[in-house]
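J.: Sequence below, structure please.
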Amino acid sequence: MDSFFTASKVLWFLAVPSNLLLILAILGLVLMALRWSRLGTGLILTAVLGWLVLGFSPAAFHILSPLEERFPLFRDDGTPVTGIIMLGGSEKPDIGNARGVPSFGEAGERPIAFAALSRRYPDARLALVGGSGRLFPEGDAVEAHMIRMSLPDLGIPEARVVFEEKSRNTAENAELAKALLQPKPGERWLLVTSAWHMPRAVGSFRKAGFDVVAYPVDFQTVGPDRLNEPFARAAEGLDKTDMGAREWIGLLAYYLSGKTSALFPAP
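T.: Purely as a prediction, here's the structure:
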């Protein structure tokens, strides 16, 4: 198994803010049980304060906003579009397979945009790129399988779509997409993924030698002028904090490992 992929999954589990705060709280309880009361109490208070700040304050919006504002919305200038690539990640394969119906999460705007673009550019090639990001994938628990189930509802003939089902992360998305699609100089390919994920995605495609045009969707912030609204539920704030932190950590890891050429890719 690829060492970078394995390490990224393990380290991210430990570094994700919501998990890290829980680990601090548990460590605090252990230290208190061992009669390190002052240190243990400090860790517990730090964890509780972290939950409160990251859960209810607008901190998550400020973390996500620079990511989402990095690439502007796509504007059709009349230039022909060769193809449309959608990155997986919106699907919930386990639920979809168990229920026998397509299931999507927060990033469900990706297939909606993919379908809309397929109708706007009827001659464009279509590609779904994404396998499974799990350490131990099972059976049909891959992103491409869920999209296949959804094609009739999306109004897209399956014969029009090519699938890349082996990639496990964004870097592999780019590398395997290039190998599959064999883009030529001068072609125009639209890349559909979440706005907060677009910098790392575009950086990965550029590193792979695949020039793409960003088509960001699935925005989590209203805009740069409205970032100070608090959350009503701590779970929502923590979830969006985790989302943003993952991307910033991912950008740094990809840059240091040579999977992107820029720390914060720009248009």
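
J.: residues contacting Leu31?
T.: Ser37, Leu39, Gly40, Leu43 (C-beta atoms under 8 Å, 6 or more residues apart in numbering). In this view, the C-beta of every residue, glycine as well, is placed from N, C-alpha and C.

J.: Quick check: pLDDT value at the residue positioned nearest the centre of the chain.
T.: For the chain, the residue nearest the mean C-alpha position is His197 (4.9 Å; C-alpha atoms, centre = their mean). Looking at His197, its pLDDT reads 97.

J.: ok, it - contacts?
T.: Leu67, Leu87, Gly89, Thr170, Glu247.

J.: Among those, which ones are in strands?
T.: Using DSSP state E, the members of the contacts of His197 that fall within strands are Leu87.

J.: closest to Val129 among the contacts of His197?
T.: Leu87 (5.6 Å; C-beta to C-beta).

J.: To what extent is the closest one buried, counted in neighbours?
T.: 28 (other C-beta atoms under 10 Å).

J.: Which elements pack onto the lengthiest helix in the chain?
T.: Ranked by residue count under DSSP state H, the longest helix found in the chain is helix 234-256. Contact here means 3 or more C-beta pairs under 8 Å, 6 or more residues apart in numbering; DSSP states H and E; on that basis helix 234-256 packs against helix 3-15, helix 17-33, helix 37-56, helix 59-68, helix 170-181, helix 198-207.

J.: Any regions of the protein where pLDDT drops low?
T.: Where the chain drops to pLDDT under 70, the residues are 1-2, 4-5, 7, 9, 90-98, 100-103, 105-107, 132-143.

J.: Just send the helices and strands packed on helix 234-256 back as JSON lines, with distance to Ile147 too.
T.: Formatted as JSON lines, these follow (distance: least, C-beta to C-beta, whole Å):
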{"stretch": "helix 3-15", "distance to Ile147": "22"}
{"stretch": "helix 17-33", "distance to Ile147": "29"}
{"stretch": "helix 37-56", "distance to Ile147": "33"}
{"stretch": "helix 59-68", "distance to Ile147": "24"}
{"stretch": "helix 170-181", "distance to Ile147": "14"}
{"stretch": "helix 198-207", "distance to Ile147": "17"}
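
J.: and those helices, which is most packed in?
T.: Most buried of the helices and strands packed on helix 234-256, by mean neighbour count (mean count of other C-beta atoms under 10 Å): helix 198-207, with a mean of 25.

J.: and after it, which helix or strand comes next?
T.: strand 213-217 (DSSP states H and E).
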